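**Q** take this sequence and fold it.
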Amino acid sequence: MSLGFMLRQERERTIVRAVTDADAGVGKYVYRPSGTGQSLYKSDGSNRNWVGSGNTTSSGFNAAVPLVDWTDIDAVLNYRATQVVDDRIDGTPRPIVAPAKQLLVPEKLRGTARSIVHATEVTVASEAGEMRLANPIQGLVEVLSSPFIDEQGGQAINDWYLGDFPRQFVWSEIWPVQTFLQKADSESAFDRDVVLRVKVRYYGGVSAVDTVFVTKVDGA
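**A** This is a model prediction of the structure:
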């Protein structure tokens with residue numbers, strides 16, 4: 001049971017690292033257009049899924065957006081509404097309607113993210129002073145977090161992801177997580193002394209079927 005639990009954690013780590021494209025730097029690509037692997041979140045913004053430093057495709061979104069309050073999520077929603085467009089060549093590209101459904105953050109930002117999404121009111125400053133208004137993004141997205149993002153260290157502990165993850169990523173599974181036990185009275189006991197043998201396995205992987213449904217945000 002313990003080995004099965006550890007294997008499930010290993011599968012979870014595999015999925016999280018794929019979603020965050022953590023291993024693209026060592027040639028393990030989750031996005032393979034036309035069969036050729038490439039980085040999923042290009043910092044020049046050409047894949048229409050990056051808000052942060054270096055974005056030359058959408059120059060109005062080329063600065064980091066630390067996750068602090070509801071306005072930060074609102075800014076990324078604005079990016080998704082205006083910059084995530086199709087690639088038509090017979091006219092002006094049009095926005096791709098892909099409502100954000102999940103917010104993925106490292107554990108470092110879990111409390112902040114949940115406070116932002118579940119707050120009932122927000123404070124809005126104006127020339128007339130501060131006003132208390134209903135939270136415009138309350139319950140808009142589901143907050144997801146994982147220590148396997150914090151594990152990556154460096155810049156990863158500040159970055160966050162907004163979008164519709166099931167629409168962008170596919171988990172292809174041949175074998176689910178399985179645990180096999182072989183006890184002392186098994187057939188192997190005829191050849192050798194067996195007390196207990198345990199085998200755990202799974203066979204599956206993650207692929208990105210597109211780039212525009214999840215946006216990575218440079219958090220620092």
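
**Q** what separates Arg94 from Thr179, distance-wise?
**A** Noted for Arg94: a distance of 49 Å to Thr179, by C-beta to C-beta, to the nearest Å. Glycine gets a C-beta too; all of them are placed from N, C-alpha and C.

**Q** comparing the two, which residue is more hemmed in?
**A** Neighbours were counted for Arg94 and for Thr179 using other C-beta atoms under 10 Å; Thr179 has more, 15 against 9.

**Q** give me the buried stretch members for the host helix or strand of the more buried one, please.
**A** In this structure, Thr179 is located in strand 169-183 according to DSSP states H and E. Going by neighbour count (16 or more other C-beta atoms under 10 Å), the buried part of strand 169-183 is 169, 177.

**Q** would you put the C-alpha positions of it in CSV?
**A** Only the C-alpha atoms of strand 169-183 are listed here, as CSV (Å, rounded to 0.1, in the frame of the first residue of the first chain):
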residue,chain,number,x,y,z
PHE,A,169,-3.6,18.6,-21.8
VAL,A,170,-4.3,15.0,-22.4
TRP,A,171,-3.3,12.2,-20.0
SER,A,172,-2.9,9.0,-22.1
GLU,A,173,-2.9,5.9,-19.9
ILE,A,174,-2.1,2.4,-21.0
TRP,A,175,-1.9,0.9,-17.5
PRO,A,176,-3.4,2.7,-14.4
VAL,A,177,-1.5,2.6,-11.1
GLN,A,178,-1.4,-1.1,-10.1
THR,A,179,0.0,-2.9,-7.1
PHE,A,180,0.8,-6.6,-7.2
LEU,A,181,1.6,-8.8,-4.1
GLN,A,182,3.3,-12.2,-4.2
LYS,A,183,3.1,-14.1,-0.9
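
**Q** now do the buried residues in the helix or strand following that strand.
**A** Later in the chain than strand 169-183, the nearest helix or strand by DSSP H and E is strand 196-208. The neighbour-count check on strand 196-208 (16+ other C-beta under 10 Å) flags 200, 202, 206, 208 as buried.

**Q** got the angle between the biggest helix by length in the chain and strand 196-208?
**A** For the chain, the helix with the greatest residue count under DSSP state H is helix 2-19. Angle, helix 2-19 to strand 196-208, by axes from the mean of the first three to the mean of the last three C-alpha atoms, to 10 degrees: 10 degrees.
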